[in-house]
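Visitor: what would the 3D arrangement of this be:
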Amino acid sequence: MSSEDKASEIIKRRWNRTAWYYDYLMAFMDRVGVRKGRRLLWSRVESSHVLEIGVGTGNNFPYYPPDAEMTAIDFSEGMLKRAKNRASRHKVKVDLRQMDVQNMKFADNTFNTVASTLVFCSVPDPVRGIKEVARVCKPGGKVILLENDFNSVPIISWLAKLANPLAVRMIGADFTRHPMDNVASSGLAVERVTSLRRGLWKLIEARKV
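Guide: Model (predicted):
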């Protein structure tokens, strides 16, 4: 097993452990600004064949475009189990699959839009993951990422660096990353960036050229 695969397995185990209380964590995050980001993200989805990266427990289900053909992935079986239960309860039409964004099994140029919410802080190699997103997106297709950017506010950046070792160990999330740099390194063309809560979160809209 490669070092990258080992890192993915470690983080997968951490997210499986987190699955039972993840919705409580997201309820707090939604109250402090993430809900607005979710609504904005899904309002800007284009076309009918859409992939969600890192579906988690299905917190984005209420925002899915009603006429879209939805596919969603997560590498954590614990998260995916809860997402399947939620989709069944609320009659959400979505093809749920267990898959690592760093090594997706989809063919090139499959989806018109790829979207994710607070995912790439937990991907061991975020640039590799975003390059995979670009690969499965059709030419001219849209990529929309809602990401943490705690480096944009000095006091929050300091607190994030202080808490980061515990956050990485507990849930596998690295809150010190620079999402704009990672997207730029992927080869996608950034079209628009919307800052939320003084830039703590960035909604990044990009295009595969």
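Visitor: which secondary structure elements does the longest helix along the chain contact?
Guide: What stands out as the longest helix in the chain, according to DSSP state H, is helix 154-171. Where contact means 3 or more Cβ pairs under 8 Å, 6 or more residues apart in numbering; DSSP states H and E, helix 154-171 is packed against helix 3-18. Heads up, the C-betas are built off the backbone N, CA and C, glycines and all.
Visitor: contact partners of the helix it packs on?
Guide: Helix 3-18 is touched from outside by 1, 25, 75-79, 100, 102, 122, 124-125, 128, 169-172, with contacts defined as Cβ atoms under 8 Å, 6 or more residues apart in numbering.
Visitor: host element of residue 93?
Guide: Of the helices and strands defined by DSSP states H and E, none includes residue 93.
Visitor: for residue 74, which residues make a bridge with it?
Guide: residue 98 (DSSP bridges).
Visitor: list the buried residues of the longest strand anywhere in the chain.
Guide: When the chain is parsed with DSSP state E, its longest strand is strand 137-148. For strand 137-148, a neighbour-count test (16 or more other Cβ atoms under 10 Å) marks 137-138, 141-148 as buried.
Visitor: now the helices for this structure?
Guide: 3-18, 22-29, 35-43, 77-89, 126-136, 154-171, 179-186.
Visitor: closest to residue 201 out of those helices?
Guide: helix 35-43 (5.3 Å; Cβ to Cβ).
Visitor: what's in contact with that closest one?
Guide: Outside helix 35-43, the residues that reach it (Cβ under 8 Å, 6+ apart) are 30, 59-60, 63-65, 115, 117, 144, 146, 194, 196, 201, 203.
Visitor: tell me the buried residues in that helix?
Guide: 36-38, 40-42.
Visitor: for the longest helix of the chain, give the mean pLDDT please.
Guide: Throughout helix 154-171, pLDDT has a mean value of 82.
Visitor: which outside residues touch that helix?
Guide: Residues from elsewhere that reach helix 154-171 (Cβ under 8 Å, 6+ apart): 14-15, 18, 122, 150-151, 173-176, 200.
Visitor: quick one: it to helix 3-18, angle?
Guide: With axes from the mean of the first three to the mean of the last three Cα atoms, to 10 degrees defining the directions, helix 154-171 sits at 90 degrees from helix 3-18.
Visitor: list the buried ones in helix 154-171?
Guide: Applying 16+ other Cβ under 10 Å to helix 154-171 flags 156-157, 160, 164, 167-168, 171 as buried.
Visitor: just the CA atoms of stretch 80-92, as CSV, please.
Guide: C-alpha atoms of stretch 80-92 as CSV (Å, rounded to 0.1, in the frame of the first residue of the first chain):
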residue,chain,number,x,y,z
LEU,A,80,-22.5,6.7,3.4
LYS,A,81,-24.7,4.4,5.5
ARG,A,82,-26.3,7.4,7.1
ALA,A,83,-26.7,9.2,3.7
LYS,A,84,-28.5,6.1,2.3
ASN,A,85,-30.8,6.1,5.2
ARG,A,86,-31.6,9.8,4.8
ALA,A,87,-32.1,9.4,1.1
SER,A,88,-34.6,6.6,1.7
ARG,A,89,-36.5,8.5,4.4
HIS,A,90,-36.8,11.7,2.3
LYS,A,91,-37.2,9.9,-1.1
VAL,A,92,-34.1,11.6,-2.5
